[in-house]
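S.K.: would you be able to build a 3D model of this:
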Amino acid sequence: MSKPIYHGVDHHVGNTPLIRLNKLSDLTGCEILGKAEFMNPGGSVKDRAAYGIITDAEEKGLLKPGSTIVEGTAGNTGIGLTVIGHARGYESVIVIPETQAPEKIQLLRTLGAEVRPVPAKPYSDPGNYNHIARRLAEENGWFWANQFDNTANREAHYKSTGPEIWKQTNGTVDAFVAAVGTGGTLAGTSLYLKVQNPNFHAVCADPYGAAMWSWFTQGNTDTDDGDSFAEGIGQGRVTKNIEGLRVDKAYRIEDQLALSIVYQLLNEEGLFLGLSSGINIGGALRYAREVGPGKTIVTILCDSGHKYQSKLFNDEWLRANDLDPRFPLESWIS
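M.R.: Coordinates of the predicted model:
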C-alpha cells in the first residue's frame, strides 16, 4: 500500500457537501440544495476567495514567508485570510466597519489578526474601509488582498465551487443563486456552470439597499429602496469580479423573509445560519416559485449563525428592528 498523504488546514478549503433543504424543496417541488460553506476551516464561503487570493499572490511573487496581508472586510474574508495566512506563514491586518457584529471582531482578534475597526462609510468616501486597507498596504509594503477587484477571487470559484456543484448534482443543476458581496461567488461559479450547460441560469438574490438587482435588471446602480441587516453582502458598484457576468434572474429579498427561513431551518432542520444565507435561500425560493417544479437549484449557505447571536438570535435586537422570528415561512409562499 502507498503511504497516505496528509495536509495542513489550508489544503482543506472546499469540497463541502450539498444539503437538501427539505421543507422548501417539498413546498416548491424543486430540489433546493445548499452548499454547506460553514464547513470550511474558517467557517465561511470566503475561505475559497482567501485561499485563491493567497495562492495567486504566491505564484506572482507578491507574498513571501513573513509577509503581512491587509484587507478591508466585513469579517468573513478577514477570518479566511487570517486562518489560511497563518497556515502558510503570514500575518494579517484587518480593517473592518465597526457596525459589523462584535462576534466577528472578537473572533478575528482571537485568531491572531490585528483588527482595526473604522466608521462605516460609503465606497465614495476616502475613509471607506477598503481605501484605508489600500493605503496601509502602500505605506507599509504589505500585500493588499483587494477581494472586491482581485479576480483571483472569482477564479477560485470557477476552479472549485462550480466544478464541485456540477459533480455533486451529476450535471443536473438548473440554477445557481447567490447574493453579491464582492461578486466572486456568483460570477465564478456561474461562469463555470454556463460553460457546462448553456441552459443553466445564474440568479442574483439582492438585499434591499444594494445595487445589483438594479444593475442586472435595469443597467444602473440605483439603491434608493431601503436597507438590510445582512452582513457581508450588498454591493453598490460593479466590481471587477462582477464585470462580464450575465445574470438570468435577479430578485430583491426582504430581511423578514430571510429571517423566517433562518429560523425555520434552525428549528425544523438543524441548520444554524446567518442572514446572508437566508437571503440566498429566499432567492432560490423566489426562483422555484417562478419557474415551477422539477428544477434543481443550488445556493450558498455562507456561514453559521454563531457570529450573529447578539443580533439575529437576540429577541431584544429583533424587536427593536421590527423583525419577527415567528413570522410563518408559509405566508411567503403563494
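S.K.: for the rest of this, base every contact and every neighbour count on C-alpha atoms.
M.R.: Fine.
S.K.: quick one, what contacts the residue nearest to residue 128 when sequence neighbours are not counted?
M.R.: Leaving aside its chain neighbours, residue 128 sits nearest to residue 121 (4.9 Å; criterion: Cα to Cα, 6 or more residues apart in numbering). Taking Cα atoms under 8 Å, 6 or more residues apart in numbering, we find residue 121 in contact with 127-129.
S.K.: if I've got this straight, residue 121 is in a strand?
M.R.: No - using DSSP: H, G, I helix; E, B strand; the rest coil, the assignment for residue 121 is coil, not a strand.
S.K.: where exactly do the strands run in this protein?
M.R.: 18-20, 31-36, 68-72, 91-97, 114-118, 143-144, 175-178, 201-207, 249-253, 296-301 (DSSP state E).
S.K.: so which of those is the most packed in?
M.R.: strand 175-178 (a mean of 29; mean count of other Cα atoms under 10 Å).
S.K.: which other helices and strands does it contact?
M.R.: helix 184-196, strand 201-207, helix 275-291, strand 296-301 (3 or more Cα pairs under 8 Å, 6 or more residues apart in numbering; DSSP states H and E).
S.K.: select, out of the strands of the chain, the one closest to residue 259.
M.R.: Closest to residue 259 of the strands of the chain is strand 249-253 (Cα to Cα; 10.6 Å).
S.K.: partner strands of the closest one and their direction?
M.R.: Counting by DSSP bridges, the strands paired with strand 249-253 are strand 201-207 (parallel).
S.K.: now the terminal residues of stretch 203-215, how far apart.
M.R.: Distance between the two ends of stretch 203-215: 13 Å, counting by Cα to Cα, to the nearest Å.
S.K.: who's in contact with that stretch?
M.R.: Here stretch 203-215 makes contact (Cα under 8 Å, 6+ apart) with 175-180, 186, 220-228, 230, 233-238, 247-255, 279-280, 282-284, 287.
S.K.: now a PyMOL select for only the buried ones of these.
M.R.: Filtering the contacts of stretch 203-215 down to the buried ones (16 or more other Cα atoms under 10 Å) takes a single PyMOL command:
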select buried, resi 175+176+177+178+179+180+186+221+222+223+228+230+233+234+235+236+237+238+247+249+250+251+252+253+254+255+279+280+282+283+284+287
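S.K.: with adjacent residues omitted, what lies nearest to residue 284?
M.R.: If the residues on either side of it in the chain are set aside, residue 284 comes closest to residue 177, at 6.0 Å by Cα to Cα, 6+ apart.
S.K.: quick one: that neighbour from residue 8, how far?
M.R.: For residue 177, the distance to residue 8 equals 31 Å [Cα to Cα].
S.K.: now swap in residue 245 and tell me
M.R.: For residue 245, the distance to residue 8 - Cα to Cα - is 34 Å.
S.K.: neighbour-wise, which of these two wins?
M.R.: Between residue 245 and residue 8, counted using other Cα atoms under 10 Å, residue 245 has the larger neighbour count: 15 against 9.
S.K.: mind listing which of the contacts of residue 121 are in helices?
M.R.: Using DSSP state H, the members of the contacts of residue 121 that fall within helices are residue 129.
S.K.: want to throw the contacts of residue 121 into a markdown table with pLDDT?
M.R.: Converted to a markdown table, the contacts of residue 121 look like this (pLDDT from 0 to 100):
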| residue | pLDDT |
| --- | --- |
| 127 | 95 |
| 128 | 95 |
| 129 | 95 |
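S.K.: just the buried positions in stretch 161-171, please.
M.R.: By neighbour count on 16+ other Cα under 10 Å, the buried set for stretch 161-171 is 161-166.
S.K.: list of residues touching that stretch?
M.R.: 14-15, 18, 172-173, 185, 188-190, 192-193, 298.
S.K.: recalculate using a threshold of 10 Å.
M.R.: Contact partners of stretch 161-171, identified using Cα atoms under 10 Å, 6 or more residues apart in numbering, comprise 14-18, 33, 35, 37, 45, 48, 155-158, 172-173, 176, 185-194, 196-197, 296-300.
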